[in-house]
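# I'd like to go over a predicted model; first the sequence, then the structure.
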Amino acid sequence: MASGTSMDATINKFQVVKCYDPNMNFIDVIRDAPYLNCKENISAAADTVKFTLPRSIDAFDGAGQPGSANTIVKGNILQWWLYGAGIDPNGLLKFQGKIDEISPTLDESGGESVDVTVTPFSQILGDHGVGTTAINFGTAGSSSTYIDTATIIKAFFTGSYVDASGVAQSVLDPVTGLPYGDPFTMDPASLGSTGQFVQFAFQSQKLISVFNNLLALSTNQYFIRMNQDKTAFFGGIPSNPTHTLLLGQNISSLSYSMSDVPRKNVIVVEGAGSVKATATGSSVADIGERIYLKSDNRITDQNTANFMANGILSILDREAVRAKIKVPDYRGSNQSGLGYDIETFKVGDTVKIVDARAPSTSTAGVGDRWGSMVWGTGKWGAPAGQTIWGSFLWGQAVWSASVGSIFNTINTIMSIDYAYHYVTLELGARQPSLSRALFDLELRLQDATLV
């Protein structure tokens, strides 16, 4: 293609939506699909994707329609592939899932369209689960039988593990005869061990609840990422930044806050019988006692209760960073250096935000004493001629300085809201959301169980 045109693969990217039947036999390409909008979340499933096709309500290539290739049929699999600048020549699989809902619409003006809802495969975290028959890892009170939390996580995707005595144990879903995490397999790059050995019995729990328990037992340094190629990655949060973003060059907008509102610093875990554990954080001296109670009769081992209390404390006893940054894609522009390769972002990656314009020292709080300035000769509270408002970097000055810790620090990508030409990243140390109501709901409904 001619250089500089909209079809120039050296500066642009292209989307191809491929349709397969439930047995992964290729059917056709969805040529009128809009650009992909999707959202991925750390240690959780991706959101469903809903898009609209400009098609007739009785001829949208549905099942049994005249001349239909049967692409828009419930149960079919759609895959969004990207090609072009900076992308592997074989393409990048950006999203895939099953068609779960089809909604043809005829509006009052006679316009026709079809809404299609695609459920990502990672929704197995909420759809699959352990039934009433408990799956036991280790024996309560016998430390020699404890199992590493990384081994337990892996077992739900492989269907087995080797216990402390060297005997292989089956972990298969009795409903399907397959691993609970099927169709996902374990990413070979996953961490092999956390060094956290515990005993736990899983029962009447969805997979998301199983993994939430295991992440709590593993402390806040670990996460699970459900990849689009149907592999599950378990690993540690990188201590060094995976991405360094420059304000004004890679980031087009930013909003954030730092809050102690959802913070909990006294964790009380009550298991079966006399099994109880309490963990107390150092922030009690600063913000007072903020208690969190967890009752779970599946916890029958004191060591596990201790790990659980300390793990939850490491997650909840932190200032809640709620930040959203919008990062445009560098593709599609001849202006070198603007934007970023948004296709490289993954949940669980870490980001460092840098402002090259930041002053070396704060400009707030160094002016004249309150009321000592001369009206008309300077700024309020500052020496004559010194500009304060707009000249300092938000949070780098003394005023509200704690908010400034979003800059030049390592922040974890909690979710990626992908909009093809740009992404909105949610950064922080807790579940992704800027909504206080969702944070409150998270605290009330920590354990997604079936009972």
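Received, thanks. Numbers count the residues shown, from 1 in each chain.

# drop to CA atoms for contacts and neighbour counts, all remaining ones
Will do.

# secondary structure element for residue 315?
Using DSSP states H and E, residue 315 maps to helix 302-316.

# Then residue 157?
Assigned by DSSP H and E, residue 157 falls within helix 149-158.

# for that helix, the distance to its chain's centre please.
20 Å (Cα atoms, centre = their mean, to the nearest Å).

# and that helix, C-alpha only, in PDB?
Extracted in PDB, the C-alpha atoms of helix 149-158 (Å, rounded to 0.1, in the frame of the first residue of the first chain):
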ATOM      1  CA  THR A 149      -0.400 -22.400  46.700                       C
ATOM      2  CA  ALA A 150       1.100 -22.300  43.200                       C
ATOM      3  CA  THR A 151       0.700 -26.100  43.000                       C
ATOM      4  CA  ILE A 152      -2.900 -25.800  44.000                       C
ATOM      5  CA  ILE A 153      -3.700 -23.200  41.400                       C
ATOM      6  CA  LYS A 154      -2.000 -25.300  38.700                       C
ATOM      7  CA  ALA A 155      -4.000 -28.400  39.800                       C
ATOM      8  CA  PHE A 156      -7.300 -26.800  38.800                       C
ATOM      9  CA  PHE A 157      -6.000 -26.400  35.200                       C
ATOM     10  CA  THR A 158      -4.100 -29.600  34.900                       C
END
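
# pLDDT of the next helix or strand after that helix, averaged?
As assigned by DSSP H and E, the chain's next helix or strand after helix 149-158 is strand 160-162. Predicted confidence along strand 160-162 averages 95 (mean pLDDT).

# which strands and helices sit next to strand 160-162?
helix 149-158, strand 168-170 (3 or more Cα pairs under 8 Å, 6 or more residues apart in numbering; DSSP states H and E).

# Pull the residues that contact that strand.
Strand 160-162 is contacted from outside by 151, 152, 154, 155, 168, 169, 170, 171, 172, using Cα atoms under 8 Å, 6 or more residues apart in numbering.

# most neighbours, which of the residues you listed?
residue 152 (24 neighbours; other Cα atoms under 10 Å).

# mind checking pLDDT for it?
pLDDT, residue 152: 96.

# for it, what are its contacts?
Here residue 152 is in contact with 137, 161 (criterion: Cα under 8 Å, 6+ apart).

# Quickly note the distance from it to residue 86.
37 Å (Cα to Cα, to the nearest Å).

# and the closest residue in space to residue 61 that isn't next to it in sequence, what helix or strand is that in?
Closest residue to residue 61 apart from its sequence neighbours, by Cα to Cα, 6 or more residues apart in numbering: residue 68 at 4.6 Å. Following DSSP H and E, one finds residue 68 outside all helices and strands.

# looking at it, residue 68 is touching residue 27, isn't it?
No: look at residue 68 against residue 27 with Cα atoms under 8 Å: they stay out of range, at 10.9 Å.

# which one of the contacts of strand 160-162 sits closest to residue 308?
Nearest to residue 308 among these, counting by Cα to Cα, is residue 152 at 15.0 Å.

# what kind of secondary structure is residue 191 in?
Put simply, residue 191 is coil when judged by DSSP: H, G, I helix; E, B strand; the rest coil.

# picking that back up, go through the helices and strands packed on strand 160-162 and name the closest to residue 295.
helix 149-158 (20.4 Å).

# would you turn the helices and strands packed on strand 160-162 into a markdown table with distance to residue 41?
Listed next are the helices and strands packed on strand 160-162 as a markdown table, based on distance: least, Cα to Cα, whole Å:
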| stretch | distance to residue 41 |
| --- | --- |
| helix 149-158 | 18 |
| strand 168-170 | 30 |
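
# Which one, of those, ends up nearest to residue 319?
Among the helices and strands packed on strand 160-162, the nearest to residue 319 by Cα to Cα is helix 149-158 (26.1 Å).

# Any buried residues in the longest strand along the chain, and which?
When the chain is parsed with DSSP state E, its longest strand is strand 92-106. Judged by neighbour count using 16 or more other Cα atoms under 10 Å, the buried positions of strand 92-106 are 92, 93, 94, 95, 96, 97, 98, 99, 100, 102, 104, 105.

# Can you list the strands that it pairs with?
strand 77-84 (antiparallel), strand 112-120 (antiparallel) (DSSP bridges).

# most tightly surrounded among the ones you listed?
Highest mean neighbour count among those (mean count of other Cα atoms under 10 Å): strand 77-84, with a mean of 22.

# who's in contact with that one?
Residues outside strand 77-84 that contact it (Cα under 8 Å, 6+ apart): 9-22, 24, 36, 89-99, 118.
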